[in-house]
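>>> my questions are about this predicted structure, shown below with the sequence.
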Amino acid sequence: MKRERKKIKRNNGHRLLFFCILCLFGFYVASGQEEETEREQSESKVILLHTDRLSYDQFRHPGAQILTGNVQFQHEGVLMYCDSACFYEATNSFDAFGHVRMVQGDTLDLVGDVLLYDGLDQLARVRHNVVLTHRESKLYTDSLDYDRLYELGYFFEGGKLVDKDNVLTSDWGQYSPPTRQAVFNYNVKLVNPKFTLISDTLNYNTSNNVAEIVGPSNIDSGDNHIYSESGFYNTQTEQAILLDRSILTNKGRKMVGDSMYYDSQAGIGKAYRNIVYTDEVNKNMFTGNYCFYNELTGYSEAADSAVAIDFSQRDTMYMHADSFKVYTYYMDTDTMFREMRAYHKVRSYRVDVQSVCDSLVYNTKDSCITMYRDPIVWNAGQQVLGEVIKIYLNDSTIERIHVIDQTLSVEQIDSVHFNQVAGKEMTSYFRDGEMYETWVEGNVYVDYYMFDDDSLMIGMNYTETSELKLYMKERKMDKIWMPASTGVIYPVVMIPPDKLYLSNFAWFDYIRPLNKDDIFVWRPKKSGTELKASYRHKAPLQTLDQIKRN
């Protein structure tokens, strides 16, 4: 029994010691938590650092300390100054009046006439003559709420942000000092010495001076105008990235695309996808999926399903090529002229005229279109081809066509019979869009069908001569002139098979563009029908040593 009692007492002692240790540990932890709680509450309290005079007026300002003269508060690393204030210590807030100023570090300075500060929510409401200064930027407004938790200031009764050369105004807006990002809404206007931007919604970053367009916006810079609803504009470099079918206009020229890049200082513009470039002055336009333009040099190019469209005449002309390039010479002078070059698989369509060739050059200096490598031109039932075709325009209408080397003119009568003229060179003259005279030179061969008064075919005239002139009247041949010639008139039923077609006869109806959409379908000549360029052999030139030796 004694042994058991000793064992029970020993166990009870151990339990008492363990309980005391637990109590001591719990007291220590509770004391630590209480000290930690007091420390956090102390840091979150608004601290009154200084005032010249402190008083109370429980009738007019119950629960408030009335502070007057050189008042200074501190809260969470921010110093606040004013002339007078009502300090509500119980709610951790105060109302400050006169020369109000809030300073955070060396980057943020907020001044105004009235400051209503809530220390629990860390919300500062500044009223009247408010100026928020952050680095090089200043925000002017009459009412500003600054949320210290999110470090965000916003105004709602109109404001103005001044940043370097930019002045932004709007009815509502907000500014974040950490990110230096500003958001403006309603009647937004950005004024820069070089341009003006007007929008309904705009984001602006004071760090990189980039304005983000997020709503209908208009940018005017001299003769340039930009309309965009989505994009970015760098106000310092004047570079813009425009999205969602933005529009760029300059002196009667307009460019629209799914996305565009524009550098105002370099004068460079680029557009991508579904592009429409319109020149209202010269009545022409480009469409395609890529376009480049340099307004300083006058150089431009278009590619990827590119189409040049001329609507200066009653009928619109459509031309497609793999790429178009436009060069401007002697820019901004009295002798300025442009040269447009179309490269590879050129096809054009107009109701009255169609053409194909491998490459083409249009020079505004002499208003001449030069077609190279297997060029063909169709007009109604007539086809003209040669090694090179030059088309001279007068006010966008055809004045004359000059075909050089291996010339062939074919007029279809029916599926079997064709009027044909072949020679070395041929020049056709036009008046009011209709051909009235044709002059053929060099080894001229003619197959011409004759009709009676009832338009019944009666025979064919085959002629060989050195020169030929055809005179047209009301789209019909009126008369023919030629010097000494040899020829035979064959009745229709007696035409020899070898005289039915000239030796270089070809009818390329399978190549001819059928409509404005058919210009995208390239159909080459059948193998063996391509023209082989003819070259004139030049006499060898003697060198100075050969002359001395002779």
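Now that the structure is in, tell me what you want to look at.
>>> check what pLDDT the closest residue to Ser176 other than its chain neighbours gets.
Excluding its sequence neighbours, the residue lying closest to Ser176 (CB to CB, 6 or more residues apart in numbering) is Leu152, at 5.1 Å. Heads up, the C-betas are built off the backbone N, CA and C, glycines and all. Reading off the confidence values, Leu152 has pLDDT 93.
>>> quick one: Leu152 from Val114, how far?
Relative to Val114, Leu152 is positioned 20 Å away (CB to CB, to the nearest Å).
>>> one more: Met482?
For Met482, the distance to Val114 (CB to CB) stands at 103 Å.
>>> and for Arg512?
From Arg512 over to Val114 (counting by CB to CB), the distance is 82 Å.
>>> pLDDT-wise, which helix or strand of the protein ranks last?
Every helix and strand in the chain was compared by mean pLDDT, DSSP states H and E; the lowest is helix 2-44, with a mean of 44.
>>> could you point out which element follows it?
Of the helices and strands lying after helix 2-44 in sequence (DSSP states H and E), the nearest is strand 47-50.
>>> direction included, what does that next one pair against?
Sheet neighbours of strand 47-50, with direction, are listed as strand 61-75 (antiparallel) (DSSP bridges).
>>> check contacts around Pro216.
By CB atoms under 8 Å, 6 or more residues apart in numbering, Pro216 lies in contact with 199-200, 227, 229.
>>> thought the residue nearest to Ser176 was touching Gln174?
Yes - between Leu152 and Gln174 there is a contact at 5.9 Å, judged by CB atoms under 8 Å.
>>> more neighbours, the two?
Neighbour totals were compared for Leu152 and Gln174, and Gln174 leads with 21 against 17 (other CB atoms under 10 Å).
>>> now that one: how far from Cys368?
61 Å.
>>> how about Arg125?
Distance check for Arg125 against Cys368: by CB to CB, it reads 74 Å.
>>> still on that earlier bit, list just the nearest of the contacts of Pro216 to Val210.
Of all those, Ser199 has the smallest distance to Val210: 14.1 Å, by CB to CB.
>>> does that closest one touch Ile226 like I think?
No - assessed by CB under 8 Å, Ser199 is found out of contact with Ile226, at 11.1 Å.
>>> could I get the full set of strands for the stretch 51-200 of the chain?
Counting by DSSP state E, counting those that start in this stretch, the stretch 51-200 of the chain has strands at residues 53-57, 61-75, 78-88, 93-104, 108-118, 123-134, 137-147, 152-155, 159-163, 166-170, 172-176, 181-192, 195-205.
>>> Serialize those strands to JSON lines and add fields for distance to Asn461.
Converted to JSON lines, those look like this (distance: least, CB to CB, whole Å):
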{"stretch": "strand 53-57", "distance to Asn461": "124"}
{"stretch": "strand 61-75", "distance to Asn461": "110"}
{"stretch": "strand 78-88", "distance to Asn461": "106"}
{"stretch": "strand 93-104", "distance to Asn461": "102"}
{"stretch": "strand 108-118", "distance to Asn461": "98"}
{"stretch": "strand 123-134", "distance to Asn461": "93"}
{"stretch": "strand 137-147", "distance to Asn461": "89"}
{"stretch": "strand 152-155", "distance to Asn461": "92"}
{"stretch": "strand 159-163", "distance to Asn461": "85"}
{"stretch": "strand 166-170", "distance to Asn461": "80"}
{"stretch": "strand 172-176", "distance to Asn461": "86"}
{"stretch": "strand 181-192", "distance to Asn461": "76"}
{"stretch": "strand 195-205", "distance to Asn461": "71"}
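>>> quick one: contacts for the residue most central in space within the chain?
In the chain, the residue lying closest to the centroid (CA atoms, centre = their mean) is Met260, at 2.4 Å. By CB under 8 Å, 6+ apart, the contact set of Met260 is 240-242, 246, 248, 269-272.
>>> could you list the buried residues of the strand or helix carrying it?
Per DSSP H and E, Met260 falls inside strand 253-263. Using 16 or more other CB atoms under 10 Å as the test for burial, strand 253-263 gives 253-257, 259-262.
>>> ok, it: who's next to it in the sheet?
strand 239-250 (antiparallel), strand 268-279 (antiparallel).
>>> ends of stretch 212-224, what's the gap?
Distance between the two ends of stretch 212-224: 19 Å, counting by CA to CA, to the nearest Å.
>>> per-residue confidence averaged over stretch 378-396?
Rounded mean pLDDT across stretch 378-396 is 88.
>>> enumerate the positions of it that are buried.
Judged by neighbour count using 16+ other CB under 10 Å, the buried positions of stretch 378-396 are 378-379, 382-393.
>>> again with stretch 150-168
Residues 152-156, 158-163, 166, 168 are the ones in stretch 150-168 that count as buried (16+ other CB under 10 Å).
>>> next, give me the two most distant ones among the residues you listed.
Maximum pairwise distance in the buried residues of stretch 150-168, criterion CB to CB, is 21.6 Å, between Phe156 and Asn166.
>>> just to revisit the earlier point, spit out the contact partners of the residue nearest to Ser176.
Going by CB under 8 Å, 6+ apart, Leu152 touches 146, 174-176.
>>> for it, give its distance to Leu108.
Counting by CB to CB, the gap from Leu152 to Leu108 is 12 Å.
>>> again with Val183
18 Å.
>>> got it, and Phe292?
Distance, Phe292 to Leu108, by CB to CB: 45 Å.
>>> burial check on the closest residue to Ile47 other than its chain neighbours, number of neighbours?
Distances taken as CB to CB, 6+ apart put Gln74 closest to Ile47, at 4.7 Å, once the chain neighbours are dropped. By the measure other CB under 10 Å, the count of residues near Gln74 is 14.
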